[in-house]
Structure formats: structure tokens, C-alpha cells
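> Kindly return the folded structure for what I paste below:
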Amino acid sequence: NYNLTKDKHLLSMFARWEIGQNQSDGIFLTAKGFPNDNMSDFQFAQEVEKRDVNNTESTSRSMGLTATVSYMYDFRYSVDFNVRGDMSSQFGADSKLKPFWSVGARWNASREKWLEGTAISNLVLRTSYGITGSQNYDPYQAIEGYTFEEMMFQYLSSGVIGSKLKGFGNPDLDWSTTEDFSAAIELGFFNDRLTASVNYYNHYTDQLLLENNIAPSSGFLTMTNNIGAISNKGVDVTLGFTPIQDFERQIQWNVSINGNHNKNEVKKLPNETKKQNENNLNERNSPAPIYEEGKSTSQLLVVRSLGIDPATGAEMFRKKDGSQTFIYSTADEVVVGCSRPDVEGVIGSSFYYKGFSASVNFRYRLGGEVMASALYSKVENISEEQIYYNQDKRALHDRWQKPGDKAKFKSIKDNSSTPMSSRFVVTENTFSGESISIGYDMDAAWLRVAGIQGMNFRVYMNDIFRISSFKEERGLDYPFARSLSFSLGVRF
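Residues are numbered from 1 along each chain as shown. Okay, the predicted model is just below:
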């Protein structure tokens, strides 16, 4: 570390070298016949399934160098530069030291004299650009290694155990790199009682880690490679307001709202992914992902539906050329929307008064298309076997019964398979109560008689309600499991 302060100048430098190792080791086995609940170690078991023993081991080593240089003048203008170099055993043998860097600048305009005495209490302009990396793959995907998994038993004809090749190593496997650019403005008015910030970002990720299809005769179906590129651009907006702020009476109320709009685009695709697109286009039961250069990764491609024919009760479709047909063909699939919302964000509010505190958060989502899976699988496409299980009650309503009926769904007598079409793709606009928390902190004098310095009590609840433009079965598991929690804290 080195810091230099002189007059209005501040210079800081920092450098660090590190070397590390991450290691994990686990054994998985099945044992039974324990004496009691307290003696649960496998050595107390009367019987261990010898052919049901597995082991996992993972070791990765890394070395890195980090350096930072920052300069600030008069707490108004500042620039900083960061550089980092990394090496890791997770990379292939042909991958060397990988350098990453970033540079940023900031202007605290609210410290300028020409803004003194105005309603603007904070004004900051900042921007940054840099290249970062990620390595989201297993330690041994770059190196050919062997595993004893599912083979931890001796052959009856000898006293040895077997092993098998874990996967094809790729000596060229390297980092995924992302070019990050951002520019933002921060505003505050009336001593920051009203705040706002707008941040624009542009992320371009190259050398994505994707699975390449390889010949099955090799013993493996895929191999990890650095292929493909994707771009993400968007805007984050945050607004804050403090209607009440009285420190003397210990009362404060804050309200905030943030929103995000993001657009992504595929820039490069390998030939293997293009081949997978052809297979996905033939999927009848769900809008399988189709990745195309110049298009979003969130686009939904299905055959356009014209609804149920009142005369026959059969579903009508629109072909790519615009004509009508009763024959479903995946060749007529077109883009009908995007699963990514136009805008999404959180609205929050917090209140504090003399030890009492409360906060609530709401989440909203505007725009974006989703597959109505409950309508697809539990209103239509109900087989004779599934009729004995829970189904959507809408299966009994709005069904075609006789010629002339204008209905949304096919006849309930029709057990034929219904293909995925735009009839089951809907626009989702949602407003939900995400969480609420109420608490009280107490440090009354009578508590100290018992040797207690303070107490606090909290009540927390999540997934309170959900209002949406369409009804969807969400299940009972996380993240849709509503919970109510209580906590009591005592300080001595």
C-alpha cells in the first residue's frame, strides 16, 4: 500500500499477490442397522452397501496479481486504474496468464462553487470501462482425468477396482471475457430528501463456455469449448424520497423504486448450436429455446393459433405465408414475443419511530411473454391416467361442445395431444407483495435490573400476495412457499 496526500491531491496505490487452493472430498454410501439416533456415524452401522459407495474429489489451484492506482483532486475529480492477472489449474495446458483491467472516472459536480446554495445537494457523473473474466466449469474439464465414481467395488475375479475416463480434456479451454462499459448520473435534491440515479450499461461477453456435441462413439456426448458471444445492454433507474426525516424526534420514512430494462442479442454462434436449433424447432410440447445471431436469447417461437374453429372444434393455425390451416407444422413457427420483461423492479418503503421499525417490498413486472403451462398441461392435454390427479378447475369451463360454440379450449372429450401454439403464450404483468418486516428495539431501564442491555423482536413474512394478468399454478415449493418468521434477540 502507498498513499500520498499533498494539498488538494490524493494518490493511492495498492498491489497484492496471492496463491490459493480449493479442495473438496466427499464419500457417499448407504448404511443401515444403527443402534440408536445418537450413534449415526457409519462405523456403528451393522451393514454397509458395498456396491453403493461413491467418492468425489475436486482440487483447483490459482495464482493472481492485482494492482490499483487511484488519483483524486480536491474531492471533485477522480480516476482509477485496475489490472489483474490470473492463472488457474482449471484452464487448459495452452492457457497462460490472463490479464484483465478496468479504468474509471468520476466527477463530483455538487462540490463545484457554482452549485453552492442551490436545491441540488448531490450531482455525480461517472463512467467506467474494463474487461473481466469468468471460469464457470469444473476443475477437470480442461484435463483428461479418470474417476472411480460408480466403480468403488472389487471385481469378483481379482482384488482390483475399476476406473473410467471422466471426460475429454480441452488444452485450449480459457476464460470467458466480458467487455463492460457503464455511464451513470446521480442526483440529490434538498439535502438528499429526493434522490435519483440512472445507469446505462453495455456488456459484451465473448468466448462463452458452451458444450459442443461430439461423436457418441468417443464415449461422450459433449466437450466444453470457448465459443459464441452475447451482448447485454440496459438501463437501471432508481428513485428515492424521504417524506419524513426528524432526527430529534427519532422518526424517518423512506420510499424507493427501481426499474431495469435489458436487451440482449446473440452476436456469434457455433455450428453445433445452429444444429441444436433445428432439433428444437421440431419440439411440439414447449417453446424450446432458439438461438440466432442478431436475435435475443429470450425470444419465443411457436406456431400462431387462430383459436378453436366454432364449426368443427379443431384448432386453426396461421402458416408463415399468412394462410389458414388445421394442420400443425413446426415449419410455421415464428417469433411471438420475448420472455424477458420490458421493465421490472422493486418498490420499497421503510419507517422508523423510537425503536419501532417496519419495511415492505413489492415487486413488479411489466411486459414479456410466458408459457401458460397450467393451461397447456392441466386444462388441455389431460390424459386418462392424469385425470385422477390434481387438475386446473378451468378444465371444466369454456370448452367447445357443439357446432357454433365460440370457446377457448377444445372439447373435454378430445384426448388428443395439443401442440404448443400462441394460444398458450400470454403477456405477463405482475405486481406482488414480496416481503414485510416489523420490529421493535427496546433498551428500557428495567431491563438492566436483570442484566439485559437490550432486546429486539422481529416478525417477517414473504410472498404475501400476487396480482397477475393471468392465473398460473406455481406450486408450494421455494420460491413460492409463503413463510412467517419470528425472532427474539437479547443482549447481555
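
> so the residue most central in space within the chain, which of the three states?
Nearest to the geometric centre of the chain sits Arg340, at 12.2 Å (Cα atoms, centre = their mean). What DSSP: H, G, I helix; E, B strand; the rest coil gives for Arg340 is coil.

> Please report how far it lies from Ser469.
For Arg340, the distance to Ser469 (Cβ to Cβ, to the nearest Å) stands at 16 Å. For glycine as for every other residue, the C-beta is placed from the backbone atoms N, C-alpha and C.

> now Phe190
Taking Cβ to Cβ, one finds Phe190 at 38 Å from Ser469.

> One more: Lys410?
Computed as Cβ to Cβ, the Lys410 to Ser469 distance reads 23 Å.

> so Arg84 sits right up against Gly64, yeah?
Yes - in this structure, Arg84 is within contact of Gly64 by Cβ atoms under 8 Å, at 6.4 Å.

> mind listing the helices for this structure?
With DSSP state H as the criterion, the chain has helices at 271-281, 373-378, 445-449.

> rewinding a little: setting aside sequence neighbours, what's the nearest residue to the residue nearest to the centre of the chain?
Excluding its sequence neighbours, the residue lying closest to Arg340 (Cβ to Cβ, 6 or more residues apart in numbering) is Ser298, at 4.1 Å.

> Ok, Tyr77 next?
Closest to Tyr77 by Cβ to Cβ, 6+ apart is Trp107, at 5.8 Å.

> Next up, the contacts around that neighbour.
If a contact means Cβ atoms under 8 Å, 6 or more residues apart in numbering, then Trp107 has Arg76, Tyr77, Val124, Leu125, Arg126 as its contacts.

> More neighbours: Lys410 and Ser469, which one.
Just comparing Lys410 and Ser469: by other Cβ atoms under 10 Å the higher neighbour count belongs to Lys410, 19 against 12.

> Contacts only, for that one.
Remark: with contacts taken as Cβ under 8 Å, 6+ apart, Lys410 is in contact with Ile308, Gly313, Ala314, Glu315, Glu380, Arg399, Trp400, Thr418.

> now stretch 55-69: mean pLDDT?
The pLDDT scores in stretch 55-69 average 85.

> what's in contact with that stretch?
11-28, 80-90, 138-140, 148-149, 152.

> Check whether Phe486 really touches Met461, as I assumed.
No - using Cβ under 8 Å as the test, Phe486 is too far from Met461 to be in contact (10.0 Å).

> Among those two, which residue is more densely surrounded?
Met461 (15 against 8).

> Which members of the contacts of Trp107 occur in strands, if any?
Tyr77, Val124, Leu125, Arg126 (DSSP state E).

> ok, so of those residues, who is nearest Phe457?
Val124 (38.7 Å; Cβ to Cβ).

> Skipping adjacent residues, who's closest to the closest one in space?
Spatial nearest neighbour of Val124, excluding adjacent residues (Cβ to Cβ, 6+ apart): Glu186 at 4.1 Å.
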